[in-house]
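1. Here is a sequence with its predicted model. Questions after.
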There are 2 protein chains.
Amino acid sequence: MNLYEAHILSEDKLNIDQDRLSFLINKAQKALEVKFNEMPFFDVASDLSDVDDLNKLAQKFKTGLTDIVHIGCGGSSLGAQALVQVAGYGCVGSDAKKPFNIHFLDNLDALSLSNLLDGLPPKTTGVVIISKSGTTLETVALASVYLDWSITHNGADYLSDSAVIITEPHKEKLNPIRQLAEKYDIPILDHHEGIGGRFSVLSNVGLFVAALFEIDLEQIKLGAKSVIDNPKYAAEGAAYSVYFDEKGHCENVLWAYMDQLKLFTAWYVQLWAESLGKDGKGITPISSIGPVDQHSQQQLFLDGPKNKYVTFITKDQSGQGNMLKPDIFMGDQFDYIAGRTIGDIVTAQQRATAATLADKGIPVRFITLKALDAATMGALLMHFMCETIAAADLLEVNAFDQPAVEQSKNLTRQYIAEL
Amino acid sequence: MNLYEAHILSEDKLNIDQDRLSFLINKAQKALEVKFNEMPFFDVASDLSDVDDLNKLAQKFKTGLTDIVHIGCGGSSLGAQALVQVAGYGCVGSDAKKPFNIHFLDNLDALSLSNLLDGLPPKTTGVVIISKSGTTLETVALASVYLDWSITHNGADYLSDSAVIITEPHKEKLNPIRQLAEKYDIPILDHHEGIGGRFSVLSNVGLFVAALFEIDLEQIKLGAKSVIDNPKYAAEGAAYSVYFDEKGHCENVLWAYMDQLKLFTAWYVQLWAESLGKDGKGITPISSIGPVDQHSQQQLFLDGPKNKYVTFITKDQSGQGNMLKPDIFMGDQFDYIAGRTIGDIVTAQQRATAATLADKGIPVRFITLKALDAATMGALLMHFMCETIAAADLLEVNAFDQPAVEQSKNLTRQYIAEL
């Protein structure tokens, strides 16, 4: 299965040290081979045994619901959001087709939460609560307010039919969210113990939400598995990032030319920043959407400091979308788009923007998707997780921890006490 | 009027060259004084004469509409989006209260556009089309498809009541969108000729959309004027950015701790990137939202390369929002939030995150808003436009052009012809 293709544009302009680049590609490839054998993380792609249960639980859970509240922070939310955007979530024009309202509470905001609860119909609202450890402050805070609201309106019995909790099995540590599930008889999906939040999208965490949208879970997994079977592009991608970083390109732009990939780029920023930003190392991820950002960051990328490495994610959209009839405008200056489609213009724009950057000597990788469907989303998600894991190996940092954030957690606790 | 306050945290840890910083602050202050006298741009804040007409046109236009499509690219759209988010647009939980559906078509996407038109009720949908020159490719393409759809369903006569166009007065150059307005008798609001798209938010471009949401336009202008009357914080902000950039802090993070400022940070990224990124200069803008990004980019900011300068936008939210009753959880580990509100936690988090970054020697500016209302939005928008204009002066680049993007426009045209 070959769902996408990737290559560097105008490599001749980049004066690449081929020995160094080859060394990095080989090292990245070997790191991935080791990880594929070592980490339970990768088994989720080839294990199809959970698909039926996830689909059944999703079907049962959503029956009769008009609204679903999704409570989770960081990686526990962004992966699911990225995945369901392939079904239109969060895109202009998707409202008319949506099967239910989904509200991702991934931030703590006093006004948003109270507005949301004020407007929700309690009898037809369900909730999905996700926290690996069961102790994430924001998730606990949001869940406690939500549950209080739901129990006040519906009584506690309603929760067993209208809630799903995803958290780790009990371990030696207390897991308040798991205890809660047991107290109210709420169905639990086990959070894989070997997978951290930001790498969890292809486990229960992302797949249950995808199942709510009736996205084909098997196809997602098959797409993901195709990257494990052939991690060439991911290993190369990690090597390019680190190679160009060594040459002073410390900013890593991911520029997707499809609305449906906007949340994917947000997921990527979180994954890349938190996995690699440690020990004084790290490469700054920047998300961008085309064509709109041609009217925004493009000027900086083209003519600002030469410290960017830009990856385009594109798809041939020629012939797709509405046809243009610019004869509604007087004069002939738009004759060149007459009879063309929206997809024709975007297809030309993505190539033109990438070629212009490459022509200026800026390192550009051009990824072409054959389609944008469940399998491709599985492949893209797995590709960038592999790329991140391999880049961490090359930078010699641990991709799976986030040691620096403890201090502010402790300070938060102190400041709350002082209020 | 003093709507906000700004200062650098833990300045003693930054080993600042006070002579250089003072020089930059003075230069920024003088640059702003010159611009205030020279540029028509700033008059929009003190001229209240357009407020009544804008409100009347907005009221007339939206009467009977269930859906409003907003067609504009880059600065012609983001400013309006930022402004109306203060009324909840784009926030979780705002759906229940919204007076109409608004669809910002700021990107060209084949699927989004056709999905949108398929789902819209033609008889109760209106459109706002914005292009300063009337020749922006994306805007022309979107408008031609929309108008074809509307005329097919409603006939051409319907447009004069259900469309508004914002564009420049006729000049020597052809303006296809203005011609269109005249052909179909569509009301026109003149786009100020002395104001470019990304600086247009406080002109008709942003204010008409704000009027649709019944945001107080006079308050917006009064807030903006308060910054012109006292540009101290803006001049200092420009000087800090350039000073820290000189010291290797080439990334400029804007981290807002309110959902209602998420689109504001997106507007800022466009403004800052396109205004300053030229002649090999420029400082990379990065948007961030709290507390959620504590689970994302915070790790990179704290422990990655020391090349960031971080501005927090905060507000004391203590006592606001729902109260927490964590006794629903067994055990006592969340006793410290019992009886607190969501706003209490966020208030502690914004301080804790900023203090932790500052403690690590990362330059942190802490902006505190007294409230988040129409006047404050006016002040914030004007503040960051002034900061950008002053920073351009310090970097010796022209804030108002975008010379690098022509090449890709020409290539786009060529590639379309080759399809």
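-> Now that the structure is in, tell me what you want to look at.
2. what's the domain layout of chain A?
-> Listed by automatic domain parsing, the domain ranges of chain A are A:4-37+A:221-403, A:41-217.
3. Can you tell me which of the ones you listed is nearest to B:Val51?
-> Smallest distance to B:Val51 across the domains of chain A (Cβ to Cβ): 26.6 Å, for domain A:41-217. All C-beta atoms are positioned from the backbone trio N, CA, C, and that covers glycine.
4. And the strands in the stretch 1-150 of chain A, which stretches?
-> Residue ranges of the strands in the stretch 1-150 of chain A, as given by DSSP state E, counting those that start in this stretch, are A:4-8, A:67-71, A:101-105, A:125-130.
5. Average pLDDT for the first one, rounded please.
-> Across strand A:4-8, pLDDT averages out at 97.
6. right, and the domains of chain A - which one's nearest B:Glu172?
-> Among the domains of chain A, the nearest to B:Glu172 by Cβ to Cβ is domain A:4-37+A:221-403 (13.9 Å).
7. From the chain's centroid, how far away is that closest one?
-> On the basis of Cα atoms, centre = their mean, to the nearest Å, domain A:4-37+A:221-403 sits 14 Å off its chain's mean C-alpha point.
8. Check which residues of stretch A:383-400 are buried.
-> A:383-395, A:397, A:399-400 (16 or more other Cβ atoms under 10 Å in any protein chain shown).
9. With stretch A:406-419 instead?
-> A:407-408, A:411-413, A:415-416.
10. Restricting to C-alpha, output that stretch in PDB.
-> Provided in PDB are the C-alpha atoms of stretch A:406-419 (Å, rounded to 0.1, in the frame of the first residue of the first chain):
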ATOM      1  CA  GLU A 406       6.500  20.000  36.900                       C
ATOM      2  CA  GLN A 407       7.600  23.300  38.300                       C
ATOM      3  CA  SER A 408       4.600  25.200  37.000                       C
ATOM      4  CA  LYS A 409       2.300  22.500  38.300                       C
ATOM      5  CA  ASN A 410       3.600  23.000  41.800                       C
ATOM      6  CA  LEU A 411       3.400  26.800  41.500                       C
ATOM      7  CA  THR A 412      -0.200  26.500  40.300                       C
ATOM      8  CA  ARG A 413      -1.100  24.700  43.400                       C
ATOM      9  CA  GLN A 414       0.600  27.300  45.600                       C
ATOM     10  CA  TYR A 415      -1.100  30.200  43.800                       C
ATOM     11  CA  ILE A 416      -4.500  28.600  44.100                       C
ATOM     12  CA  ALA A 417      -3.900  28.300  47.900                       C
ATOM     13  CA  GLU A 418      -3.000  31.900  48.000                       C
ATOM     14  CA  LEU A 419      -6.100  33.200  46.200                       C
END
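11. related to what we said a few turns ago, and the buried residues of stretch A:383-400, which of them are in strands?
-> Here DSSP state E is the test, and these give no hits in strands at all.
12. In helices, which of the residues you listed appear?
-> Using DSSP state H, the subset of those located in helices is A:383-395.
13. Low-confidence ranges, chain A, go.
-> Along chain A, the model assigns pLDDT under 70 to residues A:171, A:326, A:330-331.
14. and the longest strand for it?
-> In chain A, with assignment by DSSP E, the single longest strand is strand A:308-315.
15. residue boundaries of the helices in the stretch 301-419 of chain A?
-> Assigned by DSSP state H, counting those that start in this stretch, the stretch 301-419 of chain A shows helices spanning A:342-359, A:374-395, A:406-418.
16. now swap in the stretch 101-250 of chain A and tell me
-> Using DSSP H, counting those that start in this stretch, helices in the stretch 101-250 of chain A cover A:110-119, A:137-154, A:159-162, A:176-184, A:204-212, A:217-229, A:232-246.
17. Isn't A:Asp327 up against A:Ala338?
-> Yes - using Cβ atoms under 8 Å, A:Asp327 is in contact with A:Ala338, at 6.5 Å.
18. and for these two, which residues touch both?
-> Common neighbours of A:Asp327 and A:Ala338, using Cβ atoms under 8 Å, 6 or more residues apart in numbering or on different chains, do not exist here.
19. how far away is the spatially most central residue of chain A from chain B?
-> Among the residues of chain A, the one closest to the centroid is A:Trp267, at 3.1 Å (Cα atoms, centre = their mean). Distance of A:Trp267 to chain B, given as Cβ to the nearest Cβ, to the nearest Å: 10 Å.
20. and what of A:Asp53?
-> Using Cβ to the nearest Cβ, A:Asp53 is found at 27 Å from chain B.
21. if we can go back for a sec, kindly present the helices of the stretch 101-250 of chain A as CSV, with separate columns for distance to B:Glu38 and mean neighbour count.
-> Shown next, in CSV, are those (distance: least, Cβ to Cβ, whole Å; neighbours: other Cβ atoms under 10 Å in any protein chain shown):
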stretch, distance to B:Glu38, mean neighbour count
helix A:110-119, 40, 20
helix A:137-154, 47, 21
helix A:159-162, 62, 18
helix A:176-184, 59, 20
helix A:204-212, 54, 26
helix A:217-229, 56, 21
helix A:232-246, 42, 23
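22. Of those helices, which is nearest B:Ser10?
-> Nearest to B:Ser10, of all the helices of the stretch 101-250 of chain A, is helix A:137-154, at 24.5 Å by Cβ to Cβ.
23. Which residues does stretch A:48-55 contact?
-> A:189, A:204, A:207-208, A:211, A:217-218, A:221.
24. Stretch A:291-310 near chain B anywhere?
-> Yes - interface with chain B: stretch A:291-310 contributes A:291-292, A:294-307 (Cβ under 8 Å from any Cβ of the partner chain).
25. Next, the buried residues of that stretch.
-> Neighbour-count burial for stretch A:291-310 flags A:291-305, A:307-310 (criterion: 16+ other Cβ under 10 Å).
26. swap in stretch A:366-385?
-> Neighbour-count burial for stretch A:366-385, counted by 16+ other Cβ under 10 Å, picks out A:366-367, A:369, A:372-385.
27. May I ask you to confirm that A:Lys370 is in contact with A:Gly223?
-> No - counting by Cβ under 8 Å, A:Lys370 stays clear of A:Gly223, with 11.0 Å between them.
28. picking that back up, what's the most distant pair in the contacts of stretch A:48-55?
-> Going by Cβ to Cβ, the pair spanning the contacts of stretch A:48-55 furthest: A:Leu189 and A:Glu218, at 17.7 Å.
29. Just give the closest residue to A:Leu147, not the sequence neighbours.
-> B:Ile328 (5.6 Å; Cβ to Cβ, 6 or more residues apart in numbering or on different chains).
30. What is the neighbour count of that neighbour?
-> Residues near B:Ile328, counting by other Cβ atoms under 10 Å in any protein chain shown, number 20.
31. Report the contact partners of it.
-> Here B:Ile328 is in contact with A:144, A:147-148, A:180 (Cβ under 8 Å, 6+ apart).
32. Then A:Phe199?
-> Applying Cβ under 8 Å, 6+ apart, one finds that A:Phe199 lies in contact with A:41, A:75, A:271, A:385, A:400.
33. Nearest to B:Ala163 among those residues?
-> The closest of these to B:Ala163 turns out to be A:Leu271 (Cβ to Cβ; 42.7 Å).
34. Quick check: the closest one vs B:Ser203, distance?
-> 39 Å (Cβ to Cβ, to the nearest Å).
35. Looking at those two, which is more packed in?
-> Neighbours per residue (other Cβ under 10 Å) separate A:Leu271 from B:Ser203, with A:Leu271 holding more: 28 against 22.
36. Report all helices and strands that the strand or helix carrying A:Val253 contacts.
-> Assigned by DSSP states H and E, A:Val253 belongs to strand A:251-256. Packing partners of strand A:251-256 (3 or more Cβ pairs under 8 Å, 6 or more residues apart in numbering or on different chains; DSSP states H and E): helix A:262-276, strand A:284-289, strand A:308-315.
37. so which of these comes closest to A:Glu193?
-> Among the helices and strands packed on strand A:251-256, the nearest to A:Glu193 by Cβ to Cβ is helix A:262-276 (18.6 Å).
38. ok and that closest one relative to helix A:204-212, angle-wise?
-> Per axes from the mean of the first three to the mean of the last three Cα atoms, to 10 degrees, the angle that helix A:262-276 makes with helix A:204-212 is 170 degrees.
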